[in-house]
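J.: Just a sequence and a predicted model for now, questions to come.
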Amino acid sequence: MPKRSPRSLVLAGFLAACQSAVFTSAAFAAGATLSVGKADANASPILPVNVADKIGLFKKHGLDVKIANFTGGSKMAQAMAAGSIDIGVGAGTEMAFVAKGAPIIAVCDDAPPIPFIGIAVPWDSPIRAIGELKGKRIGISSAGSLTDWLARELAQHEGWGPDGVTRVAIGNGAAATIAAFRTHAIDADIAVTSNIFNWEEKKEGRLLVPVSQYVGNIAAGAIYATQHLIATDPDTLRGFLAAWLETVDFITTHKAETVEIESEATGYPRSVMAKEYDATKGMFSKDCKFDAESLSNLKRAFIEQKLVNAPPDMSTLYTEAFLPK
């Protein structure tokens, strides 16, 4: 029998303890099935879904969670509108779909700041400074997405004007970005740092700058629920959010276990996810409440990207009614 690493043993012990608690939970009997979509498979504000599933916190709250990965927030929002998934974990920019009438609403600002996204360039790129991106082609996940706005915000922050960079929608899959690098379809890409740290280990790409260098709070991570779920099973939503916040507490105090689970979820080495953990562990909200800076920046983003016909009343795009008391 192969030897297990000390970290594996620690995690196994914790899982056994969680499972013991699960089977004594009265809520477990409910067994509600919940379909949860992730706007990105590897983004740090989304990975608590995998952690909660692995350590049994969803089951503790009576939830049988089915997880699906999407390549961008717009595709996730479309799936929610179609009734394919009940809860979506993405970014605050998906609140624009709420403003346009999608039958969904934001229920948690899970990560106001944005330390987990950066601008990457090919490993052998001559670009060494942010000013050298003027006029370049920058990869984004999709039109209207968070990465789309971040590219626009870069040009605005640097004073290059609205056409200071060319935004190229390539999805947010790591393989698509590397292919675009190799074929010179793009000069840079806005990507989650877990992808970038992995590219650095393979000498495929490197981090130029984190976007936090020029962007403040933007509800970088946000959770959404369908209006159907709210109308038919609000207690299931409450259970999900309670499990989420318990998971955040776990993540901030259990580095080894979190890194191991996230490494398994992303397929990236522990060395990559350890870097990601150190860069992002402080970003999670402890109460899921929406902060004023995030709402202000989102409103500006919606207007600048012409995602809405008129400035929205941001208070209508989210609710904190289902958060734990």
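T.: Done, it's in.
J.: Low-confidence stretches in this protein?
T.: 1-31 (pLDDT under 70).
J.: That one: strands as residue ranges?
T.: 32-38, 63-69, 87-90, 104-111, 117-122, 137-140, 166-169, 188-192, 205-210, 221-226 (DSSP state E).
J.: Distance to Ala292 and mean neighbour count added to those, as CSV?
T.: Where C-beta positions appear, they are placed from N, C-alpha and C, glycine not excepted. Supplementary listing: the strands of the chain in CSV, determined by distance: least, Cβ to Cβ, whole Å; neighbours: other Cβ atoms under 10 Å:
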stretch, distance to Ala292, mean neighbour count
strand 32-38, 27, 20
strand 63-69, 31, 17
strand 87-90, 21, 28
strand 104-111, 11, 26
strand 117-122, 21, 26
strand 137-140, 27, 23
strand 166-169, 28, 17
strand 188-192, 25, 27
strand 205-210, 23, 18
strand 221-226, 15, 28
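J.: closest to Thr316 out of those strands?
T.: Among those, strand 104-111 comes nearest to Thr316, with 8.6 Å by Cβ to Cβ.
J.: Which neighbouring elements make contact with that closest one?
T.: helix 73-81, helix 95-99, strand 221-226, helix 227-232, helix 234-253 (3 or more Cβ pairs under 8 Å, 6 or more residues apart in numbering; DSSP states H and E).
J.: what separates Lys66 from Ile196, distance-wise?
T.: Separation of Lys66 from Ile196 (Cβ to Cβ, to the nearest Å): 29 Å.
J.: wait, I meant Leu150
T.: In terms of Cβ to Cβ, Leu150 sits 14 Å off from Ile196.
J.: sorry, back to before: Arg182: which of the strands of the chain is closest?
T.: Of these, nearest to Arg182 by Cβ to Cβ is strand 117-122, at 7.9 Å.
J.: okay, the angle between that closest one and strand 205-210?
T.: Put simply, strand 117-122 runs at 140 degrees to strand 205-210, going by axes from the mean of the first three to the mean of the last three Cα atoms, to 10 degrees.
J.: Strand 117-122 versus strand 188-192: what angle between them?
T.: Using the same axes, to 10 degrees: strand 117-122 against strand 188-192 is 140 degrees.
J.: neighbouring contacts of strand 117-122?
T.: Here strand 117-122 makes contact (Cβ atoms under 8 Å, 6 or more residues apart in numbering) with 43, 127, 130, 133, 138, 146-147, 150, 154, 177, 181-182, 187-193, 195-196, 199, 204-211, 220.
J.: swap the cut-off to 6 Å and go again
T.: Residues from elsewhere that reach strand 117-122 (Cβ atoms under 6 Å, 6 or more residues apart in numbering): 127, 181, 188-193, 196, 205, 207-211.
J.: Tell me the one among those residues nearest to Gln305.
T.: Gln305 has its nearest neighbour among the contacts of strand 117-122 in Ile190, at 14.5 Å by Cβ to Cβ.
J.: how near is the nearest residue to that closest one once chain neighbours are set aside to Ile138?
T.: Excluding its sequence neighbours, the residue lying closest to Ile190 (Cβ to Cβ, 6 or more residues apart in numbering) is Thr147, at 4.3 Å. Plainly put, Thr147 is 9 Å away from Ile138 if you go by Cβ to Cβ.
J.: got it, and Ser145?
T.: 13 Å.
J.: what do you get for Pro45?
T.: 21 Å.
J.: now Ala169
T.: Ala169 is 11 Å from Ile138, by Cβ to Cβ.
J.: now swap in Ala96 and tell me
T.: Taking Cβ to Cβ, one finds Ala96 at 20 Å from Ile138.
J.: what does Trp149 give?
T.: Distance from Trp149 to Ile138, by Cβ to Cβ: 12 Å.
J.: try Met314
T.: 27 Å.
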